[in-house]
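1. Below: sequence and its predicted model.
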Amino acid sequence: MEKAFCSWSGGKDSCLALDYARRIGYDVSTLFNMLSEDGERSRSHGLSRTMLEAQADALGAEIVFGQATWDDYEKVFLDRLALLKSRGYVAGVFGDIDLQDHRDWVERVCRTAGFKAVLPLWNKDRETLLNDFLSSGYRASIISVRKEALGREWLGLPLSRQAVEGFRKAGIDLSGEKGEYHTLVFDGPLFKVPVSFRPGRIHDIQGYAFMELLAY
């Protein structure tokens, strides 16, 4: 089994990518997340480092962090890949579905670092992915929304088939690939125990609303 890390956002797509990669035979026991330069929150979902660590603990996985501004993001990313390479990792698992620019970047940095890029969700039907996620028993909460796409009232709601119908009525991408919403996965088949958390304050930043989550 080839050793792989999973690029981990804390949300549904990275979780499903991790699940699929393990199903096809990759040894994925390490998560990798890029934090803001102060090391407090993830660049992708705005999740606190504490919440990401709680997810990793619940999954029985290690988590590796990088801290960067947008200007030095790629350099720090490559530095962390070099560390993983030195530990015998040969592949990276990513949860992209069909944003070609994302795939191009992932494949380029992986190639530079000598890694294989694995994208198990690529070009799969969004509704099929959501149905697989939900029918497999994963549980997730909506933790951020782009306010022009979805209202703040969505924050804290469970990702469910009812929510999917709401996305359809709102006319947004069902998987939120354009940032319409993000999720936190807190339970499911890969989890040894559920992640315990409670909702905190809601922050409005640059057209997005984020719900702060507090691990306990």
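-> Arrived safely.

2. can we go C-alpha only for contacts and neighbour counts from here?
-> Will do.

3. what does the domain assignment say about the protein?
-> 3-118, 136-215 (automatic domain parsing).

4. Redo those domains as a markdown table? Include distance to residue 129.
-> What follows is the domains of the chain, written out as a markdown table (distance: least, C-alpha to C-alpha, whole Å):
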| stretch | distance to residue 129 |
| --- | --- |
| domain 3-118 | 8 |
| domain 136-215 | 8 |
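
5. Comparing the ones you listed, which comes out most buried?
-> For the domains of the chain, the largest average neighbour count (mean count of other C-alpha atoms under 10 Å) is found in domain 3-118, namely a mean of 19.

6. what's the spacing between that domain and its chain's center?
-> On the basis of C-alpha atoms, centre = their mean, to the nearest Å, domain 3-118 sits 8 Å off its chain's mean C-alpha point.

7. start to end distance for that domain?
-> Start-to-end span of domain 3-118 (C-alpha to C-alpha, to the nearest Å) is 12 Å.

8. Could you give the average pLDDT over that domain?
-> Average pLDDT, domain 3-118: 96.

9. just stretch 166-178 next, same as before
-> Average pLDDT, stretch 166-178: 95.

10. Endpoint to endpoint, that stretch covers what distance?
-> Note: stretch 166-178 ends 16 Å apart using C-alpha to C-alpha.

11. quick one on the thing from earlier: for residue 127, find the nearest of the domains of the chain.
-> Residue 127 lies closest to domain 136-215 among the domains of the chain, at 6.9 Å (C-alpha to C-alpha).

12. for that closest one, how far is the first residue from the last?
-> End-to-end for domain 136-215, by C-alpha to C-alpha: 24 Å.

13. for stretch 166-186, same thing?
-> End-to-end for stretch 166-186, by C-alpha to C-alpha: 22 Å.

14. Thank you, goodbye.
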